[in-house]
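Colleague: This is a predicted model, with the sequence first.
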Amino acid sequence: MGVGQAEAALVEHYPRLVRLAYLVLPVAVARHRRVLAAHAVVQRALPRGKSTEEEGPALPSPRESPRESSRESLREGDPGYAWLRERVLRTALDAGRPSRFRGLPRPPRLLPQVVGLRLFPRSGESDELALEARLLAVTPAARAAYALRRLDGLGDAAIRRLLVEAGQSERGARAALKAADALPETAALADPCALQAGPTDLLRRRQYARTALFGGAALALAAGTLAFLPEGWGPDGAAAPPYAANEAAEAALDPKGLRRIAEDAWLTSARVDFSVWPARGPGLDDTGLLRRALAVWARPGDGVAVSTTPGTQTGPAPGPAQLLYAGEVGGSSVVLLHDGLRLVRYAEPTGAGDGGAVLDFARVDGADLVGASAAVLSRDDGNTRYLTAPWVSGAASSDLLDTTGATSEIEVSEDGVTGPVRTPAGGDQTRCAAYPVLEVTAQGAERPYLMADLGELTPALLTQGAPGRETATASDPATRTRWARIACHLPALGSGGVRAVNAWEFAAQQLPDAAGTGEWVCTRGETWRGTGNRALAQFLPPVTAPGEPGVVTAASEDTTACGRRDPRVLSGVLWRSPAESWYLVAAGNEEITAIEAGGEVTGRVEGRTAALPAEEGAVAELTGELADGGEVRMLG
């Protein structure tokens, strides 16, 4: 297994792995240190070399049993997750042994450090606090058994095997399972990825401050400058002090100079994108809010949390920006702006007179009627609120895991703001019991289309079909069934400024031992900037349970595979048939004329699908032959 595959699994399952580490690590340690240690354990689980060849197979293995639940088959069918889980489990258990307690992992030095704050999971209900006390009384191995049972839904046999592989004895593993049986099965679990902050020891900090005061005063006198800052925000809010006077820059900071598009401009415009969105919201005349938003955009201070999609600049606007929205949304005062290239979202706590603010940037150049359908205004308590385009006539929520395509209508205000929508990006991503997406009905579009919130400022359009022949409708049963099996892997494509995600069934294969038909799907995420595109190859064996997820067989970034420029793709997986026989199954798109395997599995098969007998855990390399004599390497 390559490091890229392990990294893709870590990104996709990061919250679950952190929660596993947090539950297993010593409970007696302060929660702040335990939270940071849990993140460090997971982040250090990646292989240091180019592959995990010494740890396991290069090609993923299938699920353990055809009777497993869909959640367990997802975890066990993902070799990257299984490999990382074993590493995390071993490290967390080692930290809990008496001889290694002082070796509790620390966060990597290069990561952001927490200074002046203590982080801990949000306060839970009484059952969560009671569970914390019960966990303190059991061994790390018992906590591990309990965590594996709650988080991954594993059975006792699988848990015992994992504990033994992580260094526990058979006797210790059995004792851990027995102790885990006594722990409550329904108590809420702390989430070390949903944190709240508190101050450190304030008295000690005051002592440090007195010492630092004399040194600071001496430096100030030596420099000959001393600035007296007013309490709370000034007129520019959380912005840093101005750099220098400049007429063009000052004009861009004037709320009166903001461009406001008429409500019906999009009806006659040659362009139908964000540039023709009208100014909306109850705060259009709030000069103070608009001034603070523009000032923070130009000069974000230390208290401003800035986020940006890759390839997006964070500098100030080159001139007066376009105002899209201003007003209160979900407890925050929000301003949404557009400068022709970027969407910029500013948010501050409603009614605040000081403190921090949030500034988000996303590149949206080249948008069209569909791509400019919606933008995220707020995320709060697992809910996302969108601002919809003026040409959007209706919005509904649809669960991708529901093969029927059923929808529930979403209320949209006169200003185009949707009601709260439950989305994976706005809530807990450790489970995939549902995957809600936005179904949009727009004037000028033939049919409703789906958009998924991948945690960015704009939702990603979901399409299906061969590269160059994609369609943005997902109403037919076959398409909905396919999306239901690949939806849980969509988060692995996020965080890169994703504009659209296309699912392409590039091959169908008759499996050995009369096992039925397996589908091969390539899921490609296209970005707004044009680079950094990601592709996932997935194998969908015959369904043994409704909504059973497919298996990611390969992942690649900055690739042309499965795209319009070069759609060629080849992938393979180790698969166990109902007759308990192992095979290397592989498939390529229609340009592949033959497949050759080398390594621990050898053979050559004419055509674009292959099934070669193999041993469990075999490592193989695949090469596809083209009609013109060229070659295609396996994705990954």
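Modeller: That came through fine.
Colleague: Going by C-alpha atoms from here, please, whenever you check contacts or count neighbours.
Modeller: OK.
Colleague: what about this protein, any weak spots by pLDDT?
Modeller: Scanning the chain for pLDDT under 70 picks out 1-2, 28-29, 48-77, 96-129, 195-234, 238-249, 426-430, 474.
Colleague: in it, which residue is closest to the centre?
Modeller: Residue closest to the mean C-alpha point of the chain, counted by CA atoms, centre = their mean, is Pro491 at 4.2 Å.
Colleague: helix/strand/coil for it?
Modeller: At Pro491 the chain is in helix, as set by DSSP: H, G, I helix; E, B strand; the rest coil.
Colleague: So it sits against Leu454, correct?
Modeller: Yes - using CA atoms under 8 Å, Pro491 is in contact with Leu454, at 6.2 Å.
Colleague: any idea how far the residue nearest to the centre of the chain lies from Ala137?
Modeller: Distance, Pro491 to Ala137, by CA to CA, to the nearest Å: 36 Å.
Colleague: now swap in Glu446 and tell me
Modeller: 61 Å.
Colleague: and the two? which has more neighbours close in?
Modeller: Ranked by neighbour count (other CA atoms under 10 Å), Glu446 and Ala137 place Ala137 first, with 13 against 10.
Colleague: where's Arg161, which helix or strand?
Modeller: Assigning secondary structure by DSSP states H and E places Arg161 in helix 156-165.
Colleague: which helices and strands sit right next to that helix?
Modeller: helix 140-152, helix 170-181 (3 or more CA pairs under 8 Å, 6 or more residues apart in numbering; DSSP states H and E).
Colleague: just so I know, which of the ones you listed lies nearest Thr479?
Modeller: Nearest of the helices and strands packed on helix 156-165 to Thr479, taken as CA to CA: helix 140-152 at 27.9 Å.
Colleague: ok and the closest one relative to helix 156-165, angle-wise?
Modeller: Angle between the axes of helix 140-152 and helix 156-165 is 130 degrees (criterion: axes from the mean of the first three to the mean of the last three CA atoms, to 10 degrees).
Colleague: Can you give me the buried ones in helix 140-152?
Modeller: Residues Pro140, Ala141, Ala142, Arg143, Ala144, Ala145, Tyr146, Ala147, Leu148, Arg149, Leu151, Asp152 are the ones in helix 140-152 that count as buried (16 or more other CA atoms under 10 Å).
Colleague: re the thing from before, tell me which of the helices and strands packed on helix 156-165 approaches Arg422 most closely.
Modeller: Of all the helices and strands packed on helix 156-165, it is helix 140-152 that lies closest to Arg422, at 21.1 Å by CA to CA.
Colleague: That closest one packs against which elements?
Modeller: Contact here means 3+ CA pairs under 8 Å, 6+ apart; on that basis helix 140-152 packs against helix 3-24, helix 70-76, helix 79-96, helix 156-165, helix 170-181.
Colleague: So for Val358, which of those helices sits nearest?
Modeller: Of those, nearest to Val358 by CA to CA is helix 3-24, at 22.8 Å.
Colleague: CA atoms of the very next helix or strand once past the closest one as PDB?
Modeller: Downstream of helix 3-24, the next assigned helix or strand under DSSP H and E is helix 31-43. The C-alpha coordinates for helix 31-43 follow below in PDB (Å, rounded to 0.1, in the frame of the first residue of the first chain):
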ATOM      1  CA  ARG A  31      -8.000  16.600  28.800                       C
ATOM      2  CA  HIS A  32      -6.100  19.300  27.000                       C
ATOM      3  CA  ARG A  33      -2.900  17.200  26.800                       C
ATOM      4  CA  ARG A  34      -5.000  14.100  26.000                       C
ATOM      5  CA  VAL A  35      -6.700  15.900  23.100                       C
ATOM      6  CA  LEU A  36      -3.400  17.100  21.600                       C
ATOM      7  CA  ALA A  37      -1.900  13.700  22.100                       C
ATOM      8  CA  ALA A  38      -4.800  12.000  20.300                       C
ATOM      9  CA  HIS A  39      -4.300  14.200  17.300                       C
ATOM     10  CA  ALA A  40      -0.500  13.600  17.400                       C
ATOM     11  CA  VAL A  41      -1.000   9.800  17.500                       C
ATOM     12  CA  VAL A  42      -3.100   9.900  14.400                       C
ATOM     13  CA  GLN A  43      -1.000  12.400  12.500                       C
END
